[in-house]
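A.B. asks: just to be clear, the model below is a prediction. Sequence and coordinates:
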Amino acid sequence: MTGGTDMFEPFDPYADRLREECGVFGVLGHEDASALTALGLHALQHRGQEAAGIVTLDKDQFRAERHLGLVGDHFSNADTISRLPGMAAVGHVRYSTTGEPALRNVQPLFAELSGGGFAICHNGNFTNALTLRKQLIEDGAICQSTSDSEVVLQLVARSREKKIVDRFIDAIRQMEGAYALVALTNKKLIGARDPLGIRPLVLGDLNGAPILASETCALDIIGATFIREIENGEVIVCTPSGIESFFPFGRKPARPCIFEYIYFARPDSIVGGRSVYDVRREMGRQLARESHVDSDVIVPVPDSGVPAAIGYSQESGVPFELGIIRNHYVGRTFIEPTQQIRTLGVKLKHSANKAIIQGKRVTLIDDSLVRGTTSVKIVQMIRDAGATEVHFRLASPPIRFSDYYGIDTPVREKLLAAKYSLEEMRTYIGADSLAFVSVDGIYKAMGYEGRDNANPQFTDHCFTGDYPTPLTDLSEDQELARTPRLVEVR
Ligand SMILES: O=P(O)(O)OC[C@H]1O[C@H](OP(=O)(O)OP(=O)(O)O)[C@H](O)[C@@H]1O
Ligand SMILES: NC(=O)CC[C@H](N)C(=O)O
Ligand SMILES: [Mg+2]
């Protein structure tokens, strides 16, 4: 059986798919602030590979360095770190959701406010930023970027409140959508999570210095102790004399994004008190309970399909083998130069381990299927390696809806599960059978009886279309606002 791409549309090996989000980091009161931030960002690199930046504070002097590219390419040498002295720092790794991947949108963003400097890092996406930005520009604001995150800076600058924390709260009260923010002022390190806690943020401690980071893996790399998660709707303010918390939105139940568990967070991170690795393995077990098919070998699609495949194998008793080898020197933004090279497609990243595959009935396990780009190529590759049957199992439900909260999913029409039935998808990817874990199944894997439809425990809009916030920018014609007037050439 071959991939049925011709039936539906031309196969596009460059099709964009689920992308990462962003990672944020901050530290206050440590002499190695910039080096710690560089290490923290390195641990968070999986959350965004387009750009990275660090802003430090040395007495009253802020210093900024921002680059397109990876953390290791720009922040791993002593020269860079020595250019960024100071006892406090914030940093960011970016995968753009609003605003093109150009230098002017690379974070931390910085503004000279009446009370002093203000640097800000944002993971997430504001769903009313374009609407607010249009109003701000009409009112005379000079926007230096096209990023949604800059709107917070503009609103802090315009706030009539006196104290910086009040101005910050005044600004985020006007924002809709998802955010984990880390900001640095002349005296304070500030963190905030949106009212539903859609995006993650944790507090750590390194010898008395508070650390804020997207994930616990960024604490582990610097030997910091995990203290707690920042709560949904919490604003946390760290100063040399202590830590204060504010809840400007009151207390509501949280609805963190379930995709952190499925794909985004690093498996060694603890999110919401759960090991991401354990949850993924449990999702694999649940998948086996729901849709097991006889085969000789369970093969994960590296990287993020591995823990689910281990769980599936444990539950089904079918042996787990590394039937696909991943090339670790291929970045996700690898640019293949010619059409001839392009057609080699996935082999740049994945290759079949023939010794394991030949003559076997193979069950492939991946965490998610977005446009089907990976699965089409992998199924064909496994058949070419001599598999007698190829079954595909997904440790998440079909992704039928776009994300507007910091994950760069393609537009809805390009999501395979939004266009096709299960049988059409099976034909498209060329597998002998195809199954996804159910929505209730992922909640079971998280320790619940199922999804609480009256008060869902997570935001799972990608599967259900149940968006937990207003989507103001979608209801207006924002096409013009999305188009940058300036192209940065270098
Ligand atoms: O259906 P598609 O559009 O191909 O997208 C789905 C694939 O994308 C992700 O992997 P990715 O290659 O981004 O990263 P990973 O190496 O961390 O698994 C995900 O784990 C799937 O394998
Ligand atoms: N993926 C993200 O979290 C992106 C943050 C922000 N919306 C940007 O585009 O820069
Ligand atoms: Mg993958």
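C.D. replies: In hand now; what should we look at? Residues are numbered from 1 along each chain as shown. Ligands and ions are numbered 1, 2, ... in the order given.

A.B. asks: C-alpha from now on. contacts and neighbour counts both.
C.D. replies: Fine.

A.B. asks: and the residue in the stretch 151-300 of the chain positioned nearest to ligand 2, its phi and psi?
C.D. replies: As assessed by CA to the nearest ligand atom, ligand 2 sits closest to residue 179 within the stretch 151-300 of the chain, at 7.7 Å. In terms of degrees, to the nearest 10, the main-chain angles of residue 179 are phi -160, psi 140.

A.B. asks: settle this for me: it is touching residue 199, isn't it.
C.D. replies: Yes. Counting by CA atoms under 8 Å, residue 179 sits close enough to residue 199 to count as a contact (5.8 Å).

A.B. asks: what comes into contact with the lengthiest helix in the chain?
C.D. replies: Taking DSSP state H as the criterion, the chain has its longest helix at helix 276-291. Outside helix 276-291, the residues that touch it by CA atoms under 8 Å, 6 or more residues apart in numbering are 261-262, 265-270, 307-316, 393-396, 435-438, 441-442, 444-446.

A.B. asks: before we move on, what about stretch 147-165?
C.D. replies: Contacts with stretch 147-165, where a contact means CA under 8 Å, 6+ apart, come from 98-100, 105, 109-111, 113-115, 120-122, 125-126, 129-130, 132-133, 136, 141, 143, 167-168, 170-172, 175, 237.

A.B. asks: buried only: go through those for me.
C.D. replies: Buried members of these, counted by 16 or more other CA atoms under 10 Å: 98-100, 105, 109-110, 120-122, 125-126, 129-130, 132-133, 136, 167-168, 170-172, 175, 237.

A.B. asks: now, those that are in strands?
C.D. replies: 109, 110, 120, 121, 122, 125, 126, 237 (DSSP state E).

A.B. asks: in JSON lines: those residues, plus pLDDT and distance to residue 378.
C.D. replies: What follows is these, written out as JSON lines (pLDDT from 0 to 100; distance: CA to CA, whole Å):
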{"residue": "109", "pLDDT": "98", "distance to residue 378": "40"}
{"residue": "110", "pLDDT": "98", "distance to residue 378": "44"}
{"residue": "120", "pLDDT": "98", "distance to residue 378": "40"}
{"residue": "121", "pLDDT": "98", "distance to residue 378": "37"}
{"residue": "122", "pLDDT": "98", "distance to residue 378": "35"}
{"residue": "125", "pLDDT": "95", "distance to residue 378": "32"}
{"residue": "126", "pLDDT": "97", "distance to residue 378": "35"}
{"residue": "237", "pLDDT": "98", "distance to residue 378": "48"}
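
A.B. asks: ligand 1 contacts on the stretch 351-490 of the chain?
C.D. replies: 366, 367, 368, 369, 370, 371, 372, 373, 374, 375 (CA under 6 Å from any ligand atom).

A.B. asks: show the subsequent helix or strand relative to the lowest-mean-pLDDT helix or strand in the chain.
C.D. replies: Counting by mean pLDDT, DSSP states H and E, the chain has its least confident helix or strand at helix 5-8, which shows a mean of 34. Toward the C-terminus, helix 5-8 is succeeded by strand 23-28 as the next helix or strand (DSSP states H and E).

A.B. asks: got the residues of the stretch 301-450 of the chain near ligand 2?
C.D. replies: By CA under 6 Å from any ligand atom, the part of the stretch 301-450 of the chain that sits against ligand 2 consists of 406, 407.

A.B. asks: what about the helices in the stretch 301-450 of the chain?
C.D. replies: In the stretch 301-450 of the chain, the segments counted as helices under DSSP state H, counting those that start in this stretch are 306-316, 339-342, 354-357, 373-384, 416-419, 422-429, 439-445.

A.B. asks: per-residue pLDDT, the residue lying closest to residue 326 once chain neighbours are set aside?
C.D. replies: Sequence neighbours aside, residue 350 is the residue nearest to residue 326 in space, at 4.6 Å (criterion: CA to CA, 6 or more residues apart in numbering). Looking at residue 350, its pLDDT reads 88.

A.B. asks: again, but for residue 477
C.D. replies: With respect to pLDDT, residue 477 has a value of 62.

A.B. asks: and residue 177, backbone torsions?
C.D. replies: Backbone geometry at residue 177, expressed as degrees, to the nearest 10, gives phi 110, psi -150.

A.B. asks: Provide a list of residues in contact with it.
C.D. replies: Applying CA under 8 Å, 6+ apart, the residues near residue 177 are 124, 125, 126, 127, 128, 194, 404, 405, 469, 470, 471.

A.B. asks: so the third one sits against residue 174, correct?
C.D. replies: Pointing back at residue 126 there. No. Residue 126 lies out of contact with residue 174 (CA under 8 Å); the separation is 10.2 Å.

A.B. asks: mind showing which ranges of the stretch 251-400 of the chain have poor pLDDT?
C.D. replies: Across the stretch 251-400 of the chain, the ranges flagged by pLDDT under 70 are 330-347.

A.B. asks: from ligand 1, how far out is residue 384?
C.D. replies: Distance from residue 384 to ligand 1, counting by CA to the nearest ligand atom, to the nearest Å: 19 Å.

A.B. asks: what number of residues lie near that residue?
C.D. replies: When neighbours are counted by other CA atoms under 10 Å, residue 384 registers 14.

A.B. asks: by contact count, what packs against the host helix or strand of residue 62?
C.D. replies: Using DSSP H and E, residue 62 maps to strand 61-68. In terms of contacts (3 or more CA pairs under 8 Å, 6 or more residues apart in numbering; DSSP states H and E), strand 61-68 is packed against strand 51-58.

A.B. asks: any buried residues in the strand it packs on, and which?
C.D. replies: Buried positions in strand 51-58, judged by neighbour count with 16+ other CA under 10 Å: 51, 52, 53, 54, 55, 56, 57, 58.

A.B. asks: over to stretch 355-371?
C.D. replies: Under 16+ other CA under 10 Å, the buried positions of stretch 355-371 are 356-358, 360-371.
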